[in-house]
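Asker: with the input below, show me the fold.
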Amino acid sequence: MNFAKKLAATALFAVSLVMTGCGDAQVGSIDVDKVMEEAPRVKTLLTEAEGKIKEAQEKFEQEYGNKEMSEEDATKVQMEFQRKLAGINQAYASQIRSRMDVVIEEVSREKNIDVVINNSSEDKMIFHGAVDVTDDVIKKMQ
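Answerer: Below is the predicted model of the structure:
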């Protein structure tokens, strides 16, 4: 996930500043995977996205399901359909990412945290010393 990589890069920079003595930063951690699984707003947006995708698939089937066309035309239609699905996915991923950014920033301000690092269970970057804000973010993503 691009968001996670950007967040991790920013966090690593901030942590390196702290380690070199350029400041006294408070580090937070978040399990983005857990937020994606448990946050009510994320679940709502994912359900909406699934509905839009299903609707697009049904429309595609109605329009082109029994239609005779050349292989070239079929390929063009298939590519256009895939672009439409990608657009739906991208729009909803962008909404989720934007909302998560806002909430992480709010929680960080409330807890006086200078940097938040993605610390999912599969990609542990911090093992000790960070303030876990995962549950706070999940609560705020209603």
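Asker: and the most centrally placed residue in the chain, what element?
Answerer: Nearest to the geometric centre of the chain sits Arg97, at 4.5 Å (CA atoms, centre = their mean). Using DSSP states H and E, Arg97 sits in helix 71-110.
Asker: one more: Ile117?
Answerer: Going by DSSP H and E, Ile117 is in strand 115-118.
Asker: tell me which strands that strand pairs with, and in which orientation.
Answerer: Strand 115-118 has the following sheet partners, assigned by DSSP bridges: strand 27-30 (parallel).
Asker: can you name every helix or strand that the following helix or strand past the strand it pairs with contacts?
Answerer: Where DSSP H and E defines the elements, the next helix or strand beyond strand 27-30 is helix 32-38. Secondary-structure packing of helix 32-38 (3 or more CB pairs under 8 Å, 6 or more residues apart in numbering; DSSP states H and E): helix 2-19, helix 71-110, helix 134-140. The C-beta positions use only the backbone N, C-alpha and C, and glycine is treated the same way.
Asker: now for the longest one, which elements pack on it?
Answerer: Secondary structure elements in contact with helix 71-110, counted by 3+ CB pairs under 8 Å, 6+ apart, are helix 2-19, strand 27-30, helix 32-38, helix 40-64, strand 115-118, helix 134-140.
Asker: got the angle between it and helix 40-64?
Answerer: 170 degrees (axes from the mean of the first three to the mean of the last three CA atoms, to 10 degrees).
Asker: pull the helix or strand with minimum mean pLDDT from this protein.
Answerer: Here the helix or strand of the chain ranked lowest by mean pLDDT, DSSP states H and E is helix 2-19, holding a mean of 56.
Asker: mind checking which of the helices and strands packed on helix 71-110 is nearest Ala91?
Answerer: Nearest to Ala91, of all those, is helix 40-64, at 8.0 Å by CB to CB.
Asker: how about the closest one: buried residues?
Answerer: By neighbour count with 16 or more other CB atoms under 10 Å, helix 40-64 contains the buried residues Arg41, Val42, Leu45, Leu46, Ala49, Lys52, Phe60.
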